[in-house]
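> predicted model and sequence follow; I will ask about them next.
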Amino acid sequence: MDDSLQPIVPKQVGPNITSRSSVPPDRFWAADVLRMQLDNCLNALKRRWWVLLLSILFIGGPAVVYAIIRPQMFRSQAMMWLADRLTTSVSDDRFSEDGSYLGTQAELIKSRAIQLRAFQKVHDAYPELGAIATNSQSERLPLDFVVSIAPKSSVLELEAKGRSAEGTRAFLDAVMDEYLAVKDASRQQSSSGALAGITDEIRGVEKKIQGQQQALTLFSMSNNISYLTEHGVSAGSHLAKLDESLSDLRTEFHLLELFSPQQYKSFGTGTRNSFSDTVLPGEKAAQSFAIGAETPNSAYYQALQQIEVLKATREGFSKDLRPTHSKMVKLDQEISGLERLLKKLQDDGEHRALEQMENRKKTLSLQIQSLESQHQTWETNAAEASQKLANYDSMKQELQRSQALYDHLLGLLQSVDLGRNIYTEPLRPLAPASPANPTSTRFKIIAVGLFTAFIFGAGAVVFLGAFDDRFSSAVEVSYHLPDPIIGQIPKTHLNGRNRKLPRVGDQKDGYAFTESFRHLRSSLLLMFEDATRPRTILLTSAVPKEGKSTIAANLAWTLATPGSRVLLIDADFRRSSLHHIFGVSDVPGLSEVLDRTVSATDAIVRVNTNLKGEGHGPNGTKTKDKASKASSLFFLPAGEYAADNPELFLGNQLNGLLHDLLANYDYIIIDGPPVLATDDSIHLASVAGNVIFVVRASYTSSRLVRLALSRLQECRVKVMGVVYNRAATSTDCYYRYGRDYHVGAKRS
């Protein structure tokens, strides 16, 4: 190969590819991931545009038809406000409305009864409004009526929509009139009912007052109220005195039961002291007891005095006389006689004291019985007097309450009567119904219908796209696959019905297509040192129809363009197609060479690489451009297919064939079958040693691609990289800027 055509390759550290793995997903920029997701959505929309179209037709279409055939609607508006209310001194809050006044009135205005009355009022004059739709449950008016409360104000906003402009306006005015009529009738009915009720109540109270007055008069005539009052006071004072006397007598009686005769006798001789002028309970009884116990006995005291005198005389004689002296004996006799006399007098006194105690107890018992009888009598009289006075006071209070109720009812009667005459409804019309204007309902229905259809269709597309794992961009391929992308082939079509090779060198029509293969060639040449550069390359894919044959043909043409001798081998026995692209016969071919029925020299044909030529015939002899130089691109067809052809790859024939062919060619490009369709590519890859994997945009499932790559990896096959076929031209740089650099472009 001519050295002038070889690219300058930078030095590398090792013999292998400089980059064998794609950028890890965690090193992707967020913008790249977002762009990838956006591209997926756009591609899903491009692939399933019919879903969006059907959604618009079947959802948006009926909405558009309904909006067109729907009658034109007119809208009229009015306002009502809460006016100032007249407040009088006779007003009664019991007749005012509770809760949210405006909210209650809004519900009343939009009630079905008022709307029906208003519609019936204007329907005869405006029949174009329509008729009432009646079903088994309710009646539906042919108008839309809405009542809303303006925020932070006392204003109600009324809005009506109907088919007739004048009829809608008249209906709105009729609604306000019917509301005011209902309120007036309700107020008059309430006032009349309240007036009748109050009048009946007043009559009943009057009869009650008369009966109470008569009963009070009869009671006063049969009972002396002044006497009862005085009697009650005196009875209370007398009962207090009786209680005091009974207490003293009972105390004295109790003491008599506790004292002995000697204690009773000695109690009368004791000194009585009073510590205060106030007589304490029981003190009077003790004083009476002491007075009754006094029993003066002069003989007893005289004998006692004589004994004391004789004892004193005897004591004086005892100092000078002996006890046996006659005077001492006489004094002893006299003292003994007086002591016997004193003993007798003492016994007589105790007997008399006992008799006095018994007599006193009998007297006290009679006095207690008498006072208890008097106390019971006075207590009964006092209770009767108190009961009569209590009845009299109760009758007077009942009469006063009845009189107060009567006065209050008279005041209510005047208030209700006055309120009925001066009352006005505070919620009054602020602005009458405005002239009805056409509404934009038709355009809203169309917009909502189309928007709903678009949202539904887009949602369906996104939902279906979530289950579609086909690659739609090169970024997505790099994100999901471990192998690098070494080339991107833009989307193009084969020329003619015979699927001729695309004119990769046509600078006017195929600039982006040609430059993409030149970039792929540069990647293969610059990824390796001269000594380690692969010379035998197998192109395969996961499934059929991914464009590997077209890429193999164009890659071979691109490598042969600088002058390198390139051999393209069609190893896809079952679906061989390269002979159609080059316009040559498919026999003899690889199957015959491996079967040793034909030599490789006889089966290989030369293919023209001159852009102005149309290509050679089956033997490389036919050409329209006879002045063109000899081509450096050679082609080995697949040959005739037989059932045992794939078994030819298992022997050493293919390995020996490639070894012999490398002596005559710089590069050998093999177009192999898909990995998942047949096992041939595994054997071809093990012989070739280098594989370029083709992935077709929006066609190949990522699951199948990963499965095919995992099979190659299990067989220890080196995948040089991935070629992304039929990439979108909108993201291809060669496509975007090709018009400025293709042959024939004017210089600036």
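Structure received. Residues are numbered from 1 along each chain as shown.
> and the strand or helix carrying residue 723, what does it pack onto?
Assigned by DSSP states H and E, residue 723 falls within strand 718-727. If contacts are counted by 3 or more CB pairs under 8 Å, 6 or more residues apart in numbering; DSSP states H and E, strand 718-727 sits against helix 474-480, strand 485-490, helix 511-526, helix 548-560, strand 690-696, helix 702-714. Every C-beta, even on glycine, is put in place using the N, C-alpha and C of the backbone.
> in it, what counts as buried?
Residues of strand 718-727 classed as buried under the neighbour-count rule (16 or more other CB atoms under 10 Å) are 719, 720, 721, 722, 723, 724, 725, 726, 727.
> so it versus strand 485-490, what angle?
Here the directions of strand 718-727 and strand 485-490 differ by 20 degrees (axes from the mean of the first three to the mean of the last three CA atoms, to 10 degrees).
> hey, C-alpha coordinates of strand 718-727 in CSV?
The C-alpha coordinates for strand 718-727 follow below in CSV (Å, rounded to 0.1, in the frame of the first residue of the first chain):
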residue,chain,number,x,y,z
LYS,A,718,-13.2,-8.2,20.7
VAL,A,719,-15.8,-5.6,19.8
MET,A,720,-14.0,-2.6,18.3
GLY,A,721,-17.1,-0.3,18.6
VAL,A,722,-20.6,0.4,17.6
VAL,A,723,-21.7,2.0,14.3
TYR,A,724,-25.0,3.9,14.8
ASN,A,725,-26.8,3.5,11.5
ARG,A,726,-29.6,5.7,10.0
ALA,A,727,-29.0,8.5,12.6
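> just checking: what are the partner strands of that strand?
Strand pairing for strand 718-727, using DSSP bridges, gives strand 485-490 (parallel), strand 690-696 (parallel).
> ok, so of the buried residues of strand 718-727, who is nearest residue 194?
residue 727 (89.6 Å; CB to CB).
> let me know the pLDDT of that closest one.
As predicted, residue 727 sits at a pLDDT of 84.
> that one contacts residue 490, correct?
Yes: the pair residue 727 / residue 490 is scored as a contact, 5.5 Å apart, by CB atoms under 8 Å.
> pLDDT weak spots in the stretch 501-650 of the chain?
501-510, 609-630, 643-646 (pLDDT under 70).
> where do the helices of it begin and end?
For the stretch 501-650 of the chain, the helices defined by DSSP state H, counting those that start in this stretch occupy 511-526, 548-560, 578-582, 590-594, 600-603.
> buried set for the host helix or strand of residue 255?
Using DSSP H and E, residue 255 falls within helix 225-258. Of all the residues in helix 225-258, those buried under the rule 16+ other CB under 10 Å are 228, 231-232, 235, 239, 242, 245-246, 248-253, 255-256.
> same deal with stretch 452-460?
Under the neighbour-count criterion of 16+ other CB under 10 Å, stretch 452-460 has 453, 456, 457, 458 buried.
> packing partners of the helix or strand harbouring the third one?
Right, residue 457. For residue 457, the enclosing helix or strand under DSSP H and E is helix 441-466. For helix 441-466, the elements it packs on are helix 30-47, helix 49-55, helix 61-69, judged by 3+ CB pairs under 8 Å, 6+ apart.
> any chance of the ones you listed in CSV, with mean pLDDT and mean neighbour count too?
Shown next, in CSV, are the helices and strands packed on helix 441-466 (pLDDT from 0 to 100; neighbours: other CB atoms under 10 Å):
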stretch, mean pLDDT, mean neighbour count
helix 30-47, 71, 15
helix 49-55, 82, 16
helix 61-69, 82, 13
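> and of the ones you listed, who's closest to residue 462?
Judging these by CB to CB, what sits closest to residue 462 is helix 30-47, at 6.5 Å.
> and the strands in the stretch 551-700 of the chain?
With DSSP state E, counting those that start in this stretch as the criterion, the stretch 551-700 of the chain has strands at 566-570, 605-607, 633-636, 667-671, 690-696.
> any chance of these in JSON lines, with mean neighbour count too?
Formatted as JSON lines, the strands of the stretch 551-700 of the chain follow (neighbours: other CB atoms under 10 Å):
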{"stretch": "strand 566-570", "mean neighbour count": "27"}
{"stretch": "strand 605-607", "mean neighbour count": "22"}
{"stretch": "strand 633-636", "mean neighbour count": "23"}
{"stretch": "strand 667-671", "mean neighbour count": "25"}
{"stretch": "strand 690-696", "mean neighbour count": "25"}
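> okay, those strands in CSV with distance to residue 703 next?
Listed next are the strands of the stretch 551-700 of the chain as CSV, based on distance: least, CB to CB, whole Å:
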stretch, distance to residue 703
strand 566-570, 29
strand 605-607, 37
strand 633-636, 34
strand 667-671, 25
strand 690-696, 13
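> and those strands: which comes nearest residue 546?
Residue 546 sits nearest to strand 690-696 of all the strands of the stretch 551-700 of the chain, at 4.0 Å, using CB to CB.
> for the closest one, what does the pLDDT average out to?
The average pLDDT for strand 690-696 rounds to 92.
> please begin residue numbering at 47 from this point
Taking 47 as the first residue, the last one we looked at is strand 736-742.
> ignoring the adjacent residues along the chain, who's closest to residue 289?
Spatially, and ignoring its direct neighbours in sequence, residue 289 is nearest to residue 421 (7.0 Å; CB to CB, 6 or more residues apart in numbering).
> who's in contact with that neighbour?
285, 288, 289, 292 (CB atoms under 8 Å, 6 or more residues apart in numbering).
> part of a helix, is it?
Yes: according to DSSP: H, G, I helix; E, B strand; the rest coil, residue 421 belongs to a helix.
> can you redo the helices and strands packed on helix 487-512 as TSV with distance to residue 705?
Below are those laid out as TSV (distance: least, CB to CB, whole Å):
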stretch	distance to residue 705
helix 76-93	44
helix 95-101	52
helix 107-115	68
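> residue 459 is nearest to which of the ones you listed?
helix 107-115 (62.6 Å).
> direction included, what does the helix or strand following that closest one pair up with?
Per DSSP H and E, helix 107-115 leads on to strand 120-128 as the next helix or strand towards the C-terminus. Looking at strand 120-128 with DSSP bridges, its partner strands are strand 201-208 (antiparallel), strand 473-477 (antiparallel), strand 483-484 (antiparallel).
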